[in-house]
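Peer 1: sequence first, predicted model second:
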Amino acid sequence: MTDKTMTPDEVVARLRSGMTIGIGGWGSRRKPMALVRALLRSEITDLTVVSYGGPDVGLLAAAGRVRRLVTAFVTLDSIPLDPHFRAARERGTLALTEYDEAMVARGLEAAAHRLPFLPVRAGLGSDVMRVNPGLRTVRSPYEDGEELVAVPALRMDAALVHVNRADRLGNGQYLGPDPYFDDLFCEAADSAYVSCERLVTTAELTKGAAPQTLLVRRPYVTGVVETPNGAHFTSCAPDHGRDEAFLRLYASTPWDEFAGRFLSGGSERAYQAAVAAWREGRR
């Protein structure tokens, strides 16, 4: 068993332009934002991003790093639509493959099981089929003969997810109310990188929590990154909530101004220092 600990920049050094990258979490909840910020500090571009989108997508889209987005939505939760994503779409700088939420889940599951597709009822009779003319339907081979949507596998080169706790071997634990689909992202990708609020020993993972909270399993994990507050400004319950004041700042600030103030420091430490300075200035 191998120590898989890495830094955010070491993770990004393993990524390349043109890759398909999956990003875990949901909307503005438990996003691997420290890894996304490291990606923004690199020259990597021309990405296909698979995500239940939040500010991860907004940041990458505003910076012009996304060629195609595969998603069911892009939201900041308390703000319904990420304005930086909206601006990128209005400029036509990225292509969009928009699926139903259940279709994205089945696409991840198909990829995790190395299947070409999985059937699902979601999407039938909706405009999802119209806006995705490449989707196909299949008919059940059994006596019911039901027609279903054949959701293609969402296979990815790499996945980035964030959890509450992890050990050095790559076991990841969530302590909040929802696992989202982070385990499927890891299993559906050729490599997976897990950031965590706190790195602990393997024994500590189950000392105060049920074994079912061990969401991500080490065989599917390539690297582990300890990033306290690394989901900021999204939530990572119970460690911290969503930073609503900073989220509103992000949503209301022109991209160049926001990036210059918070993303130009060259490190995650510089980002956290810039956020702390902004918070101090508001007092």
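Peer 2: Thanks, I have it.
Peer 1: would you map the helices across the stretch 101-250 of the chain?
Peer 2: For the stretch 101-250 of the chain, the helices defined by DSSP state H, counting those that start in this stretch occupy 101-112, 128-131, 182-188, 202-205, 244-252.
Peer 1: out of those helices, the one nearest Ser140 is which?
Peer 2: helix 101-112 (15.5 Å; Cβ to Cβ). Where you see a C-beta, it was placed from the backbone N, CA and C, and this is true even at glycine.
Peer 1: for the closest one, give the mean pLDDT please.
Peer 2: Average pLDDT, helix 101-112: 97.
Peer 1: what residues of it count as buried?
Peer 2: For helix 101-112, a neighbour-count test (16 or more other Cβ atoms under 10 Å) marks 103-112 as buried.
Peer 1: looking at the helices of the stretch 101-250 of the chain, which is nearest to Pro141?
Peer 2: Nearest to Pro141, of the helices of the stretch 101-250 of the chain and by Cβ to Cβ, is helix 101-112 at 17.7 Å.
Peer 1: quick one on the thing from earlier: closest to Gly24 out of the helices of the stretch 101-250 of the chain?
Peer 2: That would be helix 182-188 among those, by Cβ to Cβ, at 4.0 Å.
Peer 1: ok, residues contacting that closest one?
Peer 2: 22-25, 30, 50, 105, 108-109, 111-112, 153-156, 159, 161-163, 172, 174, 192, 194, 215-217, 220-221 (Cβ atoms under 8 Å, 6 or more residues apart in numbering).
Peer 1: show me the shaky parts of the chain.
Peer 2: 283 (pLDDT under 70).
Peer 1: ends of stretch 58-73, how far apart?
Peer 2: Separation of the first and last residues of stretch 58-73 by Cα to Cα, to the nearest Å is 11 Å.
Peer 1: show me where this structure has strands.
Peer 2: With strands called from DSSP state E, the chain shows them at 20-23, 47-51, 66-71, 95-98, 117-120, 136-139, 147-152, 156-166, 172-173, 189-199, 214-216, 223-226.
Peer 1: the first one pairs with which strands, parallel or anti?
Peer 2: Looking back up the chat, that one is strand 20-23. Sheet pairing here is set by DSSP bridges, and for strand 20-23 it gives strand 47-51 (parallel), strand 156-166 (parallel).
Peer 1: what of the shortest one?
Peer 2: Partner strands and pairing direction for strand 172-173 (DSSP bridges) are strand 156-166 (antiparallel), strand 214-216 (antiparallel).
Peer 1: alpha carbons of the first one, as PDB, please.
Peer 2: Read it as strand 156-166. C-alpha atoms of strand 156-166 as PDB (Å, rounded to 0.1, in the frame of the first residue of the first chain):
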ATOM      1  CA  MET A 156     -13.200  10.500 -18.100                       C
ATOM      2  CA  ASP A 157      -9.400  10.900 -18.100                       C
ATOM      3  CA  ALA A 158      -9.400  12.200 -14.500                       C
ATOM      4  CA  ALA A 159     -11.700  13.100 -11.700                       C
ATOM      5  CA  LEU A 160     -11.400  15.700  -9.000                       C
ATOM      6  CA  VAL A 161     -13.500  15.300  -5.800                       C
ATOM      7  CA  HIS A 162     -13.400  16.800  -2.300                       C
ATOM      8  CA  VAL A 163     -14.300  15.000   1.000                       C
ATOM      9  CA  ASN A 164     -14.200  15.700   4.700                       C
ATOM     10  CA  ARG A 165     -11.500  13.200   5.700                       C
ATOM     11  CA  ALA A 166      -9.100  10.900   3.900                       C
END
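Peer 1: quick one: which of the strands paired with strand 172-173 is nearest Gly281?
Peer 2: strand 156-166 (27.2 Å).
Peer 1: tilt between the closest one and strand 66-71?
Peer 2: Interaxial angle, strand 156-166 versus strand 66-71 (axes from the mean of the first three to the mean of the last three Cα atoms, to 10 degrees): 60 degrees.
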